[in-house]
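Let me see the structure of the following:
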Amino acid sequence: MKRIIYIAIFSILLISCEEVIELELNSTDPQIVIEGTITNQPGPYTIKITQTTDYFNPEEYPKVSYAVVNITDSEGNFETLLETEPGVYQTSSFQGIEGRTYELYVNINGEEFTASSYLPPITPIDSLDYEDAPRPDNSSNEYMITCYFHDQVDVENYYSIKLYKNSVVSKKYFLIDDLLLDGKNIDYGRIEDEIKLNDEVVIELMNIDANVYDYYNTLSSILSTRGMSSSTPANPTSNISNGALGFFGAYSYTSDTIIVK
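Predicted coordinates:
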């Protein structure tokens, strides 16, 4: 009987200490997201405009239509982009030229957003090579690529490397700056993504400006710490004014191909 009473009293104490916690997941005002690039390759070039959503609509990204989208270069060339589908705006005759700066102007219901990006001169790839990728079990069934190129002296350079394996673009990207490599021959290794024997690998070496480098660098930091911190993740550094997310970037690139034999 005493044991039954003790259990009953303990149960009452548990119930009396129970607290209902309600999480306030408030809806937030949407933010404009603008994403687009201009390259040294023939267009058309695309600017995409969407809006963010709140916690309750994680898979819905509303397209922003009827915006005014213009691109101007430092030589005075100008074009108004056409909306080819909801939220997608394309150039028709604009051409990216190395050494020019490009200005993006977007007007959405009277709200203005601007961005600027410099299209750097191209850096040629000297050659590509491959070697066994280190494995914990000392096996060598995967490979990593090394890209060789020469950095221009007395020029602040930023690079990004994109990898295609058997015509499929990798989700990985690789960033380099020449802070300690100015004017030197660069052999950038560690380019890997489950590369196997007989795979055809295409490497794109992109010259990007400082703002684009900062965007990808902060994005990389956010992705690498995701799930490791309890704090709300930040957004990548944007070069677009008026609080818009995303980025507008100009870059030049060249590519080379190697087959792992």
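
contacts and neighbour counts: CA atoms only from here.
Will do.

Kindly state the pLDDT recorded for G76?
pLDDT for G76: 94.

Give me the distance between it and P236.
30 Å (CA to CA, to the nearest Å).

Settle it for me: which of those two has more neighbours?
It is P236, of G76 and P236, that has more neighbours when counted by other CA atoms under 10 Å, with 19 against 7.

Make sure I have this right: D214 is in a helix.
Yes - counting by DSSP: H, G, I helix; E, B strand; the rest coil, D214 is part of a helix.

For it, the count of nearby residues, please.
Neighbourhood size, D214 [other CA under 10 Å]: 17.

which SSE is V155 in?
V155 belongs to no helix or strand when assigned by DSSP states H and E.

got a list of what the closest residue to it other than its chain neighbours touches?
The shortest distance from V155 to any non-neighbouring residue, by CA to CA, 6 or more residues apart in numbering, is to D182 (7.4 Å). By CA atoms under 8 Å, 6 or more residues apart in numbering, the residues touching D182 are D151, Q152, V153, D154, V155, E156.

can you pull the pLDDT of the first one?
I take that to be D151. Model confidence at D151 (pLDDT) stands at 94.

From D209, how far off is it?
Here the distance between D151 and D209 works out to 15 Å (CA to CA).

G99 reaches I122, doesn't it?
No - G99 is beyond contact range of I122, at 9.4 Å (criterion: CA atoms under 8 Å).

Make sure the residue nearest to V155 is indeed in a strand.
No - according to three-state DSSP, D182 belongs to no strand; its state is coil.

State the distance from it to Y216.
In this structure, D182 and Y216 are 21 Å apart, going by CA to CA.

Any idea how many residues pack against the closest residue to N185 other than its chain neighbours?
Leaving out its chain neighbours, the residue that sits closest to N185 by CA to CA, 6+ apart is H150, at 4.4 Å. Residues lying near H150 (other CA under 10 Å) number 16.

Make sure H150 is actually in contact with K184.
Yes - using CA under 8 Å, H150 is in contact with K184, at 6.0 Å.

can you tell me which residues contact Y159?
Y159 touches L175, I176, D177, L205, M206, N207, I208, Y213, counting by CA under 8 Å, 6+ apart.

Give the bridge partners for it, please.
I176, N207 (DSSP bridges).

Buried residues, the lengthiest strand in the chain. List them.
Determined from DSSP state E, the single longest strand within the chain is strand 245-259. Across strand 245-259, burial judged by 16 or more other CA atoms under 10 Å covers L245, G246, F247, F248, G249, A250, Y251, S252, Y253, I258, I259.

can you check stretch 63-76 too?
Those would be K63, V64, S65, A67, V68, V69, N70, I71, T72, D73, for stretch 63-76 by 16+ other CA under 10 Å.

mind giving me the domain ranges of the protein?
32-118, 125-226+253-259 (automatic domain parsing).

Is it possible to get a markdown table of these that adds distance to S241?
Shown next, in a markdown table, are the domains of the chain (distance: least, CA to CA, whole Å):
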| stretch | distance to S241 |
| --- | --- |
| domain 32-118 | 5 |
| domain 125-226+253-259 | 13 |
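
any idea how far V88 is from S74?
In terms of CA to CA, S74 sits 24 Å off from V88.

which residues does the most centrally placed residue in the chain contact?
Centroid-nearest residue in the chain, with CA atoms, centre = their mean: Y216, separated by 5.0 Å. Contact analysis of Y216 by CA under 8 Å, 6+ apart lists L175, P236.
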